[in-house]
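Q: coords below, sequence missing:
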């Protein structure tokens, strides 16, 4: 559930202690990572020693090894910590969370929203894709490896998908999974800060009824409200450049279409000037764990240790029952694993390792496609071919411009605040025009059976009938319900980078492609093979993406924005000249795209015969007490950033678990 598509500000323009701007290379990232680990500021903040809550948060395996807990949660990220905190509200049960990353509760790199551009290079699993068919590139798949998971390193953008997309979960065979239910849980998770009169005067808008005010995850607008001049120009220019695009009062309402100011998962500052009492990231860790841990002695979190597999109870057929979890000290990738420890489980194992980590953990436990498991020498406990299939991530390209040197920095710079002040969610008719959209819709629907055949043949899905239903619902979402198909996530400069930049990350929201995540070895230190298969599903994806990139240039050359920019840096007129053909724009897309880092679907919540790995109760098929509670269960991509939805899923999952235990 990562939200960091803004690498272009790091990749292409970097100022090093006042030196000339240089292209970013792996050596820059390595050096930055090394210096940050040593606590060198570099303008990004220093790493501090984590606080200590007795053994509530510990790195000592001996504090938990060979003990038995009511629930063991694999992964201390967005969903895992939410579920852990809710379960631990009952003092009669015990909860253990095993998290591979460290506890970074006092690290300003994590807590300062203004440093979200640099933190992913430190607290990251460092996954990479295979070389992609489209373009041949190997792409980074950043996922948070830290307490709080990706909620501790993402861009904090707080949006929700369309009403129809949430309702489609129920139409796909999951009773009770719909907008009404999920909105109630997303609101339960939320402690929303209504904008102040000053923030409203600067452009903040909200629909109060769609937010919650008693939850733990803080959300709202920054205080002080930075980069408001740039935000206003970006919203106005987007509406002027895109026919039919209107102002959206609140992109968390279930109707994301439109141009709007971003709101974030942050705790707003107390002052109208930048100060130590300023904005703070609201991750699952500082929302659910740090404030309440002293009141929950039944919750223990083991950090810097990686869960490696489930232990299965003997004689538990026909349904397999997990009786424990094995784990090791968090290793260096591709190393020889260290000593193995284990804990026992009384009630349930809860898997919350994300769309990359959860299928990996299940396969290491013997749950997955028997062919994958046999290839790496893992005994097959449950032959469940859907595990690790249906991977869906989005693909982005960027437009980046300079800012006139005499522009006041307060107008385009975000300090102690996320650097994405505005967004535009664009539907297919706004993107392509009504006639072209209708033609594209007919062609897409007609091609569904053939495309389903191709995807199943590639191993990226297991059921043709199930995939046909998904692709039909996606087509309905795009062409009948007008779900946004493209996001323009507008960004402004940060002081740490020195460069005067403004731009947008532009990405497909509802891709037709499907990919896979599978283990390559029985050694748990070896990263899985990740193949999203970008741009392999349908020609419409590249058609939309090429048009979206062209329209990105138009936005930045539309008043009042065009008077605010100088010189196109990305893609640049040398790469794509004015008047370029659709083919030239599409070629540029293929040569420059990156992963958005919103992976979903790899342990899909669908009927088993339709390609599912978990049912609507989130219990893994073939097991009696193993649940998955994270973004991997979402079977179909959303027109939204993931975090608000994942919090809602986790809150709903916690209630399910409590109900099944009679709590």
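A: Yep, it's here. As the structure is a computational prediction, the values presented were derived from the model and not from experiment.
Q: Let me know the secondary structure of the closest residue to residue 189 other than its chain neighbours.
A: Leaving aside its chain neighbours, residue 189 sits nearest to residue 647 (3.9 Å; criterion: C-beta to C-beta, 6 or more residues apart in numbering). C-beta: built from backbone N, CA, C; applies to glycine. Classification of residue 647 by DSSP: H, G, I helix; E, B strand; the rest coil places it in helix.
Q: since we're on residue 647, how many residues are nearby?
A: 29 (other C-beta atoms under 10 Å).
Q: again, but for residue 582
A: Per other C-beta under 10 Å, the neighbour tally for residue 582 reads 12.
Q: what's near enough to touch it?
A: The contact partners of residue 582, taken as C-beta atoms under 8 Å, 6 or more residues apart in numbering, are 543, 546, 547, 550.
Q: and of those, the nearest to residue 513?
A: For the contacts of residue 582, the closest approach to residue 513 (C-beta to C-beta) belongs to residue 543, at 13.5 Å.
Q: how far does stretch 325-337 stretch from start to finish?
A: 16 Å (C-alpha to C-alpha, to the nearest Å).
Q: isn't residue 471 right up against residue 512?
A: Yes. The pair residue 471 / residue 512 is scored as a contact, 7.2 Å apart, by C-beta atoms under 8 Å.
Q: Is it correct that the residue nearest to residue 189 is in contact with residue 217?
A: Yes. At 5.9 Å, residue 647 and residue 217 qualify as touching, with contact defined as C-beta under 8 Å.
Q: Tell me the most packed of the contacts of residue 582, by neighbour count.
A: residue 546 (23 neighbours).
Q: and that residue, backbone torsions?
A: For residue 546, the backbone dihedrals (degrees, to the nearest 10) come out as phi -60, psi -40.
Q: Make residue 1 into 852 and carry on from there
A: All set: I'll call the first residue 852, so the last point we hit is now residue 1397.
Q: so residue 942 sits in a helix?
A: No. Read with three-state DSSP, residue 942 is coil and lies in no helix.
Q: How many neighbouring residues does it have?
A: Neighbours around residue 942, by other C-beta under 10 Å: 10.
Q: With residue 1513 instead?
A: Residue 1513 - counted by other C-beta under 10 Å - has 5 other residues nearby.
Q: measure residue 1203 to residue 964 for me?
A: 24 Å (C-beta to C-beta, to the nearest Å).
Q: Check which residues of stretch 1396-1405 are buried.
A: By 16 or more other C-beta atoms under 10 Å, the buried positions in stretch 1396-1405 come out as 1396, 1397, 1398, 1399, 1400, 1401, 1402, 1403, 1404.
Q: which one of those residues sits closest to residue 1343?
A: Of all the buried residues of stretch 1396-1405, the one with the least separation from residue 1343 (C-beta to C-beta) is residue 1403, at 15.4 Å.
Q: Secondary structure class of the nearest residue to that closest one once chain neighbours are set aside, three-state.
A: Using C-beta to C-beta, 6+ apart and skipping residues adjacent in sequence, the residue nearest residue 1403 is residue 1250, 4.1 Å away. Under three-state DSSP, the three-state class of residue 1250 is strand.
Q: quick revisit: between the buried residues of stretch 1396-1405, which sits nearest residue 1266?
A: Checking those against residue 1266 by C-beta to C-beta gives residue 1403 as the nearest, at 25.7 Å.
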